[in-house]
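Participant: everything below, folded, please.
(one chain, ligands or ions: 1)
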Amino acid sequence: MYNPVAEIHLGRLSRNLQKIRAQVGDVLIMPVVKANAYGHSAVHIARKLQDEGIRYLAVFTMGEALELRQNGITLPILLFSRLTPDMLEPAVENNLTVNISWPDDMDFLTAYIADKGKGPKVHLKVDTGMSRLGIAFDEATDILERLAKTSQIELEGIYSHFATADEGDLTYAQLQTSRFNEIVDLAKKMKLNVKFFHMANSGAVLNLPESLFNLVRVGILLYGAYPSDETSENIKVEPVMNFKGPIVTVRKVSAGTPVSYGSVYVPDEDCNIGVIQTGFADGLPRNWYENGYVGYKGEQFPIAGRICMDQMMVNFGDVVPKVGEEVLFFGDDGENHIRIEDIAREVNLTPYVLMTAIGGRTKREFVED
Ligand SMILES: Cc1ncc(COP(=O)(O)O)c(C=O)c1O
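Facilitator: Residues are numbered from 1 along each chain as shown. Next up, the predicted model:
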């Protein structure tokens with residue numbers, strides 16, 4: 001039976017974490033394990049991080065948080081998604097931290113606590129410039145005043161999110177940081193008992209040391225990729241995932257014979273074409289065929305023709321690979337090192353899109369090195 005394989009190197013995750021720790025010092029690291037830990041398997045990644053002494057995790061949805069709880073993850077977990085009344089009960093039952101990102105949230109949370117006597121822990125999200133979730137910056141004073149007047153809501157954190165921390169021009173990110181500093185000052189002046197202030201993601205950890213406050217929410221860097229070509233690479237991370245596909249057929253194709261849909265690829269010499277059982281339904285970007293390549297035994301071979309839904313072809317030239325062997329799409333297998341960032345640039349996507357596109361047909365194999 002063949003299937004694509006994502007080999008997850010948990011040792012690389014630990015080393016990436018150590019390097020990020022060395023950079024941020026005493027600041028708490030909250031790994032972001034949403035979207036199945038960016039395709040790496042949230043349960044396995046969270047277990048490893050729990051063993052590594054991590055003290056807080058973040059996910060997006062209630063479903064993601066419950067999956068971790070059902071698999072033995074006992075760490076505090078912050079949920080990023082918009083709060084709804086039906087999330088309050090499971091949040092309390094499972095010790096999950098929710099966020100207030102709109103004035104209504106505070107209304108139904110207060111009503112819930114009045115009814116049940118207890119609510120979940122809360123982080124207040126303030127929009128300092130992303131224009132996504134979050135209390136508008138200029139309305140934050142009102143909410144902070146409301147929070148200062150109630151002792152019922154356990155406000156553990158205040159946070160915000162950057163729009164451009166991974167860009168070369170950091171002017172806007174600096175404006176967001178200064179707005180957030182105003183919020184921090186205000187909360188302190190109001191004597192709100194807030195434990196965590198946070199806004200930094202991977203881009204900010206690399207680019208904006210002044211934005212770390214006392215907690216950073218790190219995703220992509222932990223998985224061993226850089227958020228964009230414009231961030232510093234001063235923390236040298238290793239790719240946690242090797243994404244590979246099996247060679248299921250090798251056929252001889254004569255010069256001039258088209259390969260794959262649309263017949264857009266026509267080899268000009270006789271060659272060996274390997275059929276690989278991995279396609280765009282498994283997360284390979286369809287247009288990667290244009291300049292794309294895979295790694296095999298330390299060499300790169302061009303992708304031959306359009307990537308299909310479940311399969312794709314590779315031109316191995318004179319080389320005759322064996323059926324059952326694997327090619328590397330990205331990662332580092334010791335012989336080949338293909339950066340996900342390079343593919344992302346070529347196909348005009350980001351490493352985030354490529355990692356999270358790797359879905360359920362891919363078998364995840366966990367290795368300790
Ligand atoms: C609210 C929030 N914080 C932190 C992160 C982590 O970002 P990164 O993977 O760039 O570190 C994300 C990811 O999208 C996010 O949505």
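
Participant: chain neighbours aside, what residue packs nearest to Glu145?
Facilitator: Closest residue to Glu145 apart from its sequence neighbours, by Cβ to Cβ, 6 or more residues apart in numbering: Met190 at 7.1 Å. For the C-beta atoms, the positions are set from N, CA and C on the backbone; glycine is no exception.

Participant: neighbours of that neighbour, just the number please.
Facilitator: Under the neighbour criterion other Cβ atoms under 10 Å, Met190 is assigned a count of 14.

Participant: mind listing what it touches?
Facilitator: Leu144, Glu145, Ala148 (Cβ atoms under 8 Å, 6 or more residues apart in numbering).

Participant: among those, name the buried ones.
Facilitator: Taking 16 or more other Cβ atoms under 10 Å as the criterion, what is buried in the contacts of Met190 is Leu144, Ala148.

Participant: of the contacts of Met190, which belong to helices?
Facilitator: Among the contacts of Met190, the ones falling in helices (DSSP state H) are Leu144, Glu145, Ala148.

Participant: the last one contacts Asn193, doesn't it?
Facilitator: If I follow you right, that is Ala148. No - look at Ala148 against Asn193 with Cβ atoms under 8 Å: they stay out of range, at 9.7 Å.

Participant: what about the residue in the stretch 1-150 of the chain positioned nearest to the ligand, distance to Leu349?
Facilitator: For the stretch 1-150 of the chain, the residue closest to the ligand is Val32, as judged by Cβ to the nearest ligand atom, at 4.2 Å. From Val32 across to Leu349, the span is 19 Å (Cβ to Cβ, to the nearest Å).

Participant: residues touching the residue of the stretch 151-300 of the chain found nearest the ligand, list them.
Facilitator: For the stretch 151-300 of the chain, the residue closest to the ligand is Gly219, as judged by Cβ to the nearest ligand atom, at 2.4 Å. Gly219 makes contact with Pro31, Val32, Lys34, Tyr38, Asn201, Ser202, Tyr352, according to Cβ under 8 Å, 6+ apart.

Participant: get me the contact residues on the stretch 51-200 of the chain for the ligand.
Facilitator: Phe80, His161 (Cβ under 6 Å from any ligand atom).

Participant: which phi and psi does the nearest residue to Val319 once chain neighbours are set aside have?
Facilitator: Distance criterion Cβ to Cβ, 6+ apart; nearest residue to Val319, sequence neighbours excluded, is Asn272 at 6.5 Å. Asn272 has phi and psi values of phi -100, psi 120 when expressed as degrees, to the nearest 10.

Participant: ditto for Gln174
Facilitator: phi -70, psi -40.

Participant: for the nearest residue to it once chain neighbours are set aside, what are its contacts?
Facilitator: Excluding its sequence neighbours, the residue lying closest to Gln174 (Cβ to Cβ, 6+ apart) is Leu208, at 7.5 Å. Going by Cβ under 8 Å, 6+ apart, Leu208 touches Phe162, Ala165, Leu170, Ala173, Gln174, Thr177, Ala200.
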